[in-house]
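**Student:** okay, structure incoming, though there's no sequence with it:
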């Protein structure tokens, strides 16, 4: 650090108004690391200039949207300034006839969806906590749920982005261009980069029409083998389902949920095909709330393995759909051998969430065992939530062959490691 906090505050006053700069409080801490200043610019230019000043003076910067996923990733090496996008919250242009939208990074997903719904359209994503989660935060964490099966990942929906780089450049790619960065596909590059390459200021998305109607069913199966056969049968059928997910726990039979969208006549036909396909499994109509199960995993009210323990871990897991049965058996074995309780939600795409409850030491052993087993199958386990005692446990797991390329890109765009230092894979 080459400057003092008082000097950077004076410099920032040339860019921001006094009401846009405040001292950080304990509630602004990032995984136990306390920042000193919080900045809230109202324009992209203000944000870029603030980032440039911090970079020039050797201060680290933590980008923040709705703060719903601020603890994801590893704790930062330092957290001098928090740069908030809360005031960059407008839907700039909804070209409904072209099925596209331009939106600022601080706009919440719920606000965006409500605006799009006025024209019968939607951004086909289902992230956690949409009422608070922002466009920039959802992109940076690549957070998506069951709708990914039908509409693809965020990288398939984003068609343009503008980001502020540490040198103060506002760089854009796709959509309406401010300045291009030659050689990089910025929309895909920054999606899932955890804010380590630049701060997203706006994004351009392709949209989809809202469905006329929707209908959900839950299918109970007696065991894991039956669940696997059911999922394969559905995926290999002519059913036009929008989403498919399965619940597994240490205390109940597996259940799978399926979502259909379309006209009433089409939904009736789909339901009839599903009933024929699922015999003799028990098929029940399900409320729309069944698609909020991933969010429910984060509730702290889940029973504990040890009455005196209040710790839990949430992990994002990835696996080949063909390995579903083996992976769920891994969950059983790791939980039993380490005396923790577990529940999981796995999507038909092979992505899912796992919750483990128990004493912190037991959780650590279970996570390491599961990560090793999953990585041997080509999968992964990434920690999204863990108790403070486990902050030293790496969130990401073993880096892949792309790490050297990722580090080279980080050095090109953020050579001083100003943004979210050490938070991403491999210490990026």
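**Tutor:** Arrived safely, thanks for sending. Treat the numbers as computed from the prediction; the structure is a model and nothing was measured.
**Student:** helices of the protein, start to end?
**Tutor:** Secondary structure of the chain by DSSP state H: the helices cover 5-12, 44-56, 109-117, 135-141, 148-151, 154-157, 186-190, 224-235, 264-278, 293-296, 324-338, 360-376, 403-413.
**Student:** other SSEs contacting the fourth one?
**Tutor:** Pointing back at helix 135-141 there. strand 61-64, helix 109-117, strand 199-206 (3 or more C-beta pairs under 8 Å, 6 or more residues apart in numbering; DSSP states H and E). (C-beta placed from N, C-alpha, C; glycine too.)
**Student:** in JSON lines: those, plus mean neighbour count.
**Tutor:** Below are the helices and strands packed on helix 135-141 laid out as JSON lines (neighbours: other C-beta atoms under 10 Å):
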{"stretch": "strand 61-64", "mean neighbour count": "26"}
{"stretch": "helix 109-117", "mean neighbour count": "17"}
{"stretch": "strand 199-206", "mean neighbour count": "26"}
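**Student:** closest one to residue 332 among the ones you listed?
**Tutor:** When the helices and strands packed on helix 135-141 are compared by C-beta to C-beta, helix 109-117 sits nearest residue 332, at 34.6 Å.
**Student:** packing partners of that closest one?
**Tutor:** Helix 109-117 is packed against strand 91-95, strand 100-104, helix 135-141, with contacts defined by 3+ C-beta pairs under 8 Å, 6+ apart.
**Student:** go with 7 Å
**Tutor:** Counting contacts by 3 or more C-beta pairs under 7 Å, 6 or more residues apart in numbering; DSSP states H and E, helix 109-117 is packed against strand 91-95, helix 135-141.
**Student:** got a list of contacts for it?
**Tutor:** Residues outside helix 109-117 that contact it (C-beta atoms under 7 Å, 6 or more residues apart in numbering): 91, 94, 101, 103, 122-123, 127, 130-131, 133, 135, 138, 207, 210.
**Student:** do that again at 10 Å, thanks
**Tutor:** The contact list for helix 109-117 (C-beta atoms under 10 Å, 6 or more residues apart in numbering) reads 66, 68, 89-91, 94, 96, 99, 101, 103-104, 107-108, 121-123, 125-135, 137-138, 143, 203, 205, 207-208, 210.
**Student:** and the helices of the chain as JSON lines, adding distance to residue 21 and mean pLDDT?
**Tutor:** Output for the helices of the chain, formatted as JSON lines (distance: least, C-beta to C-beta, whole Å; pLDDT from 0 to 100):
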{"stretch": "helix 5-12", "distance to residue 21": "6", "mean pLDDT": "88"}
{"stretch": "helix 44-56", "distance to residue 21": "9", "mean pLDDT": "98"}
{"stretch": "helix 109-117", "distance to residue 21": "25", "mean pLDDT": "98"}
{"stretch": "helix 135-141", "distance to residue 21": "20", "mean pLDDT": "98"}
{"stretch": "helix 148-151", "distance to residue 21": "39", "mean pLDDT": "97"}
{"stretch": "helix 154-157", "distance to residue 21": "32", "mean pLDDT": "95"}
{"stretch": "helix 186-190", "distance to residue 21": "26", "mean pLDDT": "93"}
{"stretch": "helix 224-235", "distance to residue 21": "52", "mean pLDDT": "92"}
{"stretch": "helix 264-278", "distance to residue 21": "53", "mean pLDDT": "94"}
{"stretch": "helix 293-296", "distance to residue 21": "34", "mean pLDDT": "92"}
{"stretch": "helix 324-338", "distance to residue 21": "47", "mean pLDDT": "96"}
{"stretch": "helix 360-376", "distance to residue 21": "37", "mean pLDDT": "97"}
{"stretch": "helix 403-413", "distance to residue 21": "26", "mean pLDDT": "95"}
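**Student:** redo the ones you listed as TSV? Include distance to residue 81.
**Tutor:** Formatted as TSV, the helices of the chain follow (distance: least, C-beta to C-beta, whole Å):
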stretch	distance to residue 81
helix 5-12	8
helix 44-56	5
helix 109-117	25
helix 135-141	16
helix 148-151	34
helix 154-157	27
helix 186-190	20
helix 224-235	46
helix 264-278	51
helix 293-296	30
helix 324-338	39
helix 360-376	31
helix 403-413	18
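**Student:** rewinding a little: which one of the helices and strands packed on helix 135-141 lies nearest to residue 80?
**Tutor:** It's strand 61-64; of the helices and strands packed on helix 135-141, that one is closest to residue 80 (C-beta to C-beta) at 7.1 Å.
**Student:** contact partners for the spatially most central residue of the chain?
**Tutor:** Ranked by distance to the mean C-alpha position of the chain (C-alpha atoms, centre = their mean), the top residue is residue 143 at 2.3 Å. Residue 143 makes contacts with 68-69, 72, 109, 125-129, 133, 137, 154, 192, 294, 316, 384, as judged by C-beta under 10 Å, 6+ apart.
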